[in-house]
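1. got a sequence here, can you build the structure:
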Amino acid sequence: MRDKTTKVKQRAICGRDELLLVPNSKAAPQRGPTNISKTNFVGFPTPVPIYLETMTSDLELLQNYADRNSEEAFAELIRRHLDLVYSAALRQVRSPQLAEEVAQSAFTDLARNAGKLKPDTILTAWLYQVARRTAIDVVRHESRRQLREQIATEINAMNATASDWTHVEPFLDEAMHTLDETDRAAVLLRYFENKSLREVGQTLGTSEDTAQKRVSRAVERLREFFAKRGVTVGTSGLAVLISANAVQAAPVGLAATISTAAVLAGTTFATTTTATAIKIIAMTTIQKSLIATTLAVVAGTGIYEAHQASTLRNQVQSLQQQQAPLAEQIRQLQRERDDATKRLTALQAENEQLKSNQNTAELLKLRGDVAQLQNEANDATEKAARALMAKVNNLKQRLEETPNAKIPELQFLTDQDWINAANGRLDNDSAYRRALSTLRKAGEGKFATMLNRAVIGYMKNNGGQMPTDLAQLQLYFDSPVDDAILQRWEIAPANTVPSLGMGGNSIITQKAPVDDIFDTRYGIGPNGFGSTDFLNSELGDTLAPVYEAYSAAHNGQAGATSVQLLPYATTPEQQAAIQKLILYDSLVKQAF
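-> Here you go, the predicted model:
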């Protein structure tokens, strides 16, 4: 069973190019090489050249689950679509607890129907409709007066906020329901999941231009729907509102709960809640990030992407090997918990008998035994949580021991950021370098978001001009920013990081990396902000002739490793760049 949904993800030289977008950009379309795929900013017409790396589609994952009972495949489906399903349910039921139940029901239905969906099913649209129908049923059957009053209070509180989104949100799902199936799927893919127009066209089986026309027509119909209900918003503004607010992050831990319940409902095999939760943590750590963007290097695209795909496959295999012993330990703990549960059931039966016999002494003893068994049943989950917290503490200790790895932006980190960085290997120096770089990326990403909002405010009040001094932005931050942070950033020419395509003549970016192998570089400009690797921005133009030379010598063949590219580096700069790429490959292999 094949799926038309997206089978590519954006990736450049070091595999981590990402893109975050800003509404109402008026940048003119740019033309890229014909052999390079293009993607669009959300809410923008500007195409950006990207390189492609294949990834497993939704229906391929679902088929894998249906055929092989693969918990990993189903967990990945939950990770991809949980935020959309949860948000759609929350808008209907207005209760986080009920929204969790609706989300769990939707994914349980998916597990039960895994082998029955048609090959051309768009899973995003299918889950959205199931979640909406289930949520409507929940609301219709909710009869308790206290809960109705609570929901009404929450709705009134939310409607009291003076913002466009609070006017749009109550009618959004009703408006979406008025669209035909294809238009609704196009809007979901474009603005709920932030797919590019090219990806929307691939999913719907149409061209990029046709997908753009369909999305524009659907958004106009939504705008007319809202206008009839007294909500006035422009077409572009409506697209930005939906893209920025329609999908909220689901509560932490909900994915693990749903995965366990859905797999139990869809198969006859017992599954392990703790194992699924840990696997989901591992998966989200690798893939949870901002929307991807790219560096437009010319003819060497195919060669480098094959090399990068090979590197990533090795990383995945390494992760799977690392998880195998932990999975076996968890299965053993699950068996022990099942045994304890059986013993608990037997003791509870004896407890009932003792109650009937009024044997007080034995009853008290039995209650103690039941409490002990309950503690044993919960011990497996506690062990996994303690192990993860130990890794977080080890990472914090390593940061304290490595003062040159610190940056002032780390003050913005949350507990979840620390867990994300620590979840993975932490058994060698390269692994710690990777984890510390992940922390810096999280802190700098949060500050980049603050910078982006400040730049928007400044440009609005200064005729669309970018600032010429970072101190000019202090008035536009929600709270004053430490000078130590601003000193790490600079206003540079836009061609300093040309791959980001932020428009205008200048961008705001970091002056230098802490770790030039692993660190991420952000750029903020008139059209929004995005990110790439420092290594990527440094080596891209230098290595392009090397890729071309290798391709010409091998009849266009792709798949060269860094070592295989070395003979085609003819200048000292190219040879140094290849050596740095070889070092990167070695460190990544150790880190993951």
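
2. look up how far residue 373 lies from residue 347.
-> Separation of residue 347 from residue 373 (Cβ to Cβ, to the nearest Å): 7 Å. From N, CA and C alone the C-beta is placed, and that goes for glycine too.

3. tell me the first helix or strand C-terminal of the helix or strand containing residue 97.
-> Element membership for residue 97 (DSSP states H and E) is helix 96-112. For helix 96-112, the following helix or strand on the C-terminal side (DSSP H and E) is helix 123-141.

4. give me the contacts around that next one.
-> Residues outside helix 123-141 that contact it (Cβ atoms under 8 Å, 6 or more residues apart in numbering) are 3, 5, 58-59, 62, 77, 81, 84-85, 88-89, 91-93, 98-99, 101-103, 105-107, 109-110, 117, 173, 176-177, 181, 184-185, 188-189, 192-193.

5. which intervals of this structure have sub-threshold pLDDT?
-> Residues of the chain that meet the criterion pLDDT under 70 lie in 1-55, 143-163, 252-253, 256, 260-327, 351-365, 374, 376-377, 380, 558-559.

6. which residue ranges form the strands in it?
-> Along the chain, the stretches classed as strands by DSSP state E are 8-11, 18-21, 37-40, 47-54, 489-493, 506-510, 520-525, 528-533.

7. tell me how many other residues surround residue 379.
-> Residue 379 has 13 neighbouring residues, counting by other Cβ atoms under 10 Å.

8. same check, this time on residue 416
-> By other Cβ under 10 Å, 12 other residues sit near residue 416.

9. return the distance of it relative to residue 392.
-> In terms of Cβ to Cβ, residue 416 sits 11 Å off from residue 392.

10. same question for residue 454.
-> Separation of residue 454 from residue 392 (Cβ to Cβ): 31 Å.

11. the more surrounded of those two?
-> Remark: of residue 454 and residue 392, residue 454 carries more neighbours, 22 against 18, as counted by other Cβ under 10 Å.

12. for residue 70, what are its contacts?
-> Taking Cβ under 8 Å, 6+ apart, we find residue 70 in contact with 61, 64.

13. cool, and the one 10 residues further on?
-> With Cβ under 8 Å, 6+ apart as the criterion, the residues that contact residue 80 are residue 58.

14. ok so, going back, who's more crowded, residue 347 and residue 373?
-> Neighbours were counted for residue 347 and for residue 373 using other Cβ under 10 Å; residue 373 has more, 21 against 17.

15. touching, the more buried one and residue 345? I think so.
-> No - contact criterion Cβ atoms under 8 Å: residue 373 and residue 345 do not qualify, at 9.4 Å.

16. do you know how far the closest residue to residue 480 other than its chain neighbours is from residue 455?
-> Spatial nearest neighbour of residue 480, excluding adjacent residues (Cβ to Cβ, 6 or more residues apart in numbering): residue 474 at 6.2 Å. Residue 474 is 12 Å from residue 455, where distance means Cβ to Cβ.

17. got it, and residue 487?
-> For residue 487 relative to residue 455 (Cβ to Cβ), the value is 18 Å.

18. higher neighbour count, those two?
-> Taking neighbours as other Cβ under 10 Å, residue 487 and residue 455 compare with residue 455 leading, 23 against 11.

19. can you count the residues close to the closest residue to the more buried one other than its chain neighbours?
-> Computed as Cβ to Cβ, 6+ apart, the closest residue to residue 455 that is not its neighbour in sequence is residue 524, at 5.7 Å. When neighbours are defined as other Cβ under 10 Å, residue 524 has 29 of them.

20. ok, now residue 241?
-> For residue 241, using other Cβ under 10 Å, the count is 22.

21. verify the contact between it and residue 233 for me.
-> Yes - counting by Cβ under 8 Å, residue 233 is a contact partner of residue 241 at 6.9 Å.

22. what is in contact with those two at once?
-> In terms of Cβ under 8 Å, 6+ apart, residue 241 and residue 233 are both contacted by the residues 164, 168.

23. circling back to that earlier point, just the buried ones from the contacts of helix 123-141, in ChimeraX syntax?
-> Remark: buried members of these, expressed as a ChimeraX selection using 16 or more other Cβ atoms under 10 Å:
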select :3,5,58,59,62,77,81,84,85,88,89,91,92,93,98,99,101,102,103,105,106,107,109,110,117,173,176,184,185,188,189,192,193
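
24. about what we covered before: and the residue nearest to residue 480, how far from residue 549?
-> Relative to residue 549, residue 474 is positioned 49 Å away (criterion: Cβ to Cβ).

25. more crowded one of these two?
-> residue 549 (18 against 14).

26. what's near enough to touch the more buried one?
-> Contact analysis of residue 549 by Cβ under 8 Å, 6+ apart lists 568, 570.

27. how long is stretch 193-201 from one end to the other?
-> One end of stretch 193-201 to the other measures 14 Å (Cα to Cα, to the nearest Å).

28. report the contact partners of the nearest residue to residue 411 once chain neighbours are set aside.
-> Leaving aside its sequence neighbours, residue 411 sits nearest to residue 443 (Cβ to Cβ, 6+ apart; 7.3 Å). Residues counted as contacts of residue 443 (Cβ under 8 Å, 6+ apart) are 407, 409-413, 417.
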